[in-house]
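K.L.:
Fold the stuff below for me.
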Amino acid sequence: MFTGIIKDTGRVQDISEDCLVIRTESNLLGRLWLGASVAIDGICLTVTGLNQASFSVQIMPETIRRTNLRHLQGGDQVNLELPATPESFLAGHIVQGHIDGTARVMEIVADGNSHRLKFEVAPSLARYIVSKGSIAVNGVSLTVIDGGESYFTVGVVPHTWISTMFHRLKIGDFANIEVDVLAKYVEKIMNH
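P.N.:
So this is what the prediction gives:
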């Protein structure tokens, strides 16, 4: 479990169909071990290799199909987060690291001291997205401003804009989306 509060970033050093290597200068490396979980752009993955400058994770075909990993290239910046502990300050929301799909950036607008982002999302995911609800975008816990049948908007404050990979997003980029798991459970219960 994660909180969606991003404190570290890294860069893609290498990516293949079954392995991803992330280079980072953050102190996160000293807190990893083989077999540890780490969220990369919101995707919960297992550390399979580790050295003083980078770590690697293995990737399953389902992960490639469901996430933005197929769009990443060497040098791309990614958000990194370690799992929450019982002592963690839960400042975001409960983020599982289980990506539901991707959303395409449609619009990036400066809005006072922040940025407003509009994403195109599949209707099958849009039904779980509500105004003022929680959503994780590339692992970042955000509040939905508005949601429609095939889009949603979020606001990003300056600190988050600069300290995550958001400032590198461009129109047409794909981001990983994790909708609020509670909505999916409620739907399943109501359908039975």
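
K.L.:
Could you measure from the nearest residue to Asn138 once chain neighbours are set aside over to Gly101?
P.N.:
The shortest distance from Asn138 to any non-neighbouring residue, by Cβ to Cβ, 6 or more residues apart in numbering, is to Asp41 (4.3 Å). Just so you know, the C-beta spots here come from the backbone N, C-alpha and C atoms, and that holds for glycine as well. Per Cβ to Cβ, to the nearest Å, Asp41 is found 13 Å from Gly101.

K.L.:
Same question for Ala183.
P.N.:
Counting by Cβ to Cβ, the gap from Ala183 to Gly101 is 14 Å.

K.L.:
With neighbour numbers in mind, choose between Asp41 and Gly101.
P.N.:
Asp41 (29 against 17; other Cβ atoms under 10 Å).

K.L.:
Surely that one is in contact with Asn68?
P.N.:
Yes. The criterion here is Cβ atoms under 8 Å, and Asp41 meets it with Asn68 at 6.6 Å.

K.L.:
joint contacts of the two?
P.N.:
Asn138, Ala175, Asn176 (Cβ atoms under 8 Å, 6 or more residues apart in numbering).

K.L.:
Could I get the full set of helices for this structure?
P.N.:
For the chain, the helices defined by DSSP state H occupy 61-66, 123-126, 158-163, 181-191.
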